[in-house]
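S.K.: mind looking at a prediction? Sequence and model below.
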Amino acid sequence: MKNYFVILPLVALITACGTTKDDYQKRAEAAEEKREAQVNRSISQAPEWMTKVPISDNAVYANGSAVSTDMSMADYKSKLFAYGKICMAAGGKVSQQAKVFMQDTAVASTEISELAIKSMCPGVDITGTEIKEVKRISEGGRFRTYVLLALPTGDANALQKRKDQLKLNEGAVQRSTEAFTELDKNAQ
């Protein structure tokens, strides 16, 4: 019984020393747990189309997500991300440049690597792009917006067809003016 009273305080002391965390470590761990919970909430509340973008023969779909303290800014940024994806699908270009330097000595190896990627959508027309769905959630006192955009293709894109027709009409008017001017010159 005497040994029990000696061992019990010793076990308690060892256990306490092994699990003691200072206030700053506890604060850092709590902040990390809070960030992890926010990310998990964003993932669990994300609409299905964030991971499984719809596929169609008559449209190109793209999604985007962004967060801001201002709801309009979260909406705007999420649409920009989705527009960028639509643009790339509609003919945007990506260029990539990589540089690698390696040096070996008898003692050590050194490597320096760089990768630069630039995506551009010059002149890619995304007329007719529609907002299909928007979902907003609260995320740590900020707004998170999820957006799904669709760019109808072919006959399904009435705005693009109208724009193309107007362009053809303008070209016809210009060409007819040139043709009549040419006829008038030749008639003299």
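M.R.: Happy to help now that I have it.
S.K.: give the residue spans of the protein that score low on pLDDT.
M.R.: Across the chain, residues meeting the criterion (pLDDT under 70) sit at 1-20, 94, 119, 156-166, 168-169, 172, 179-180, 187-188.
S.K.: can you do 90?
M.R.: 1-23, 25-26, 28, 30-31, 34-44, 56-60, 80-81, 83-130, 139-141, 151-188 (pLDDT under 90).
S.K.: so which residue is smack in the middle of it?
M.R.: With distances taken as Cα atoms, centre = their mean, the residue of the chain nearest its centroid is Phe81 (4.5 Å).
S.K.: for that residue, which non-adjacent residue is spatially closest?
M.R.: Gly64 (3.3 Å; Cβ to Cβ, 6 or more residues apart in numbering). The way it works is simple: take the backbone N, C-alpha and C, and place the C-beta from them, glycine included.
S.K.: so Ala154 sits against Asn58, correct?
M.R.: Ala isn't right for residue 154; it's Gly. Yes. Using Cβ atoms under 8 Å, Gly154 makes contact with Asn58 at a distance of 6.5 Å.
S.K.: show me how far the helix or strand harbouring the residue nearest to the centre of the chain is from its chain's centre.
M.R.: Using DSSP states H and E, the element containing Phe81 is helix 71-89. Distance of helix 71-89 from the chain centroid (Cα atoms, centre = their mean, to the nearest Å) equals 7 Å.
S.K.: contact partners of that helix?
M.R.: 60, 62-68, 92, 94, 119, 121, 124, 126, 129, 131, 134, 136, 142-149, 151 (Cβ atoms under 8 Å, 6 or more residues apart in numbering).
S.K.: and for stretch 104-113?
M.R.: For stretch 104-113, using Cβ under 8 Å, 6+ apart, the contacting residues are 98-103.
S.K.: that's a strand at Lys118, yeah?
M.R.: Yes. The assignment for Lys118 (DSSP: H, G, I helix; E, B strand; the rest coil) places it in a strand.
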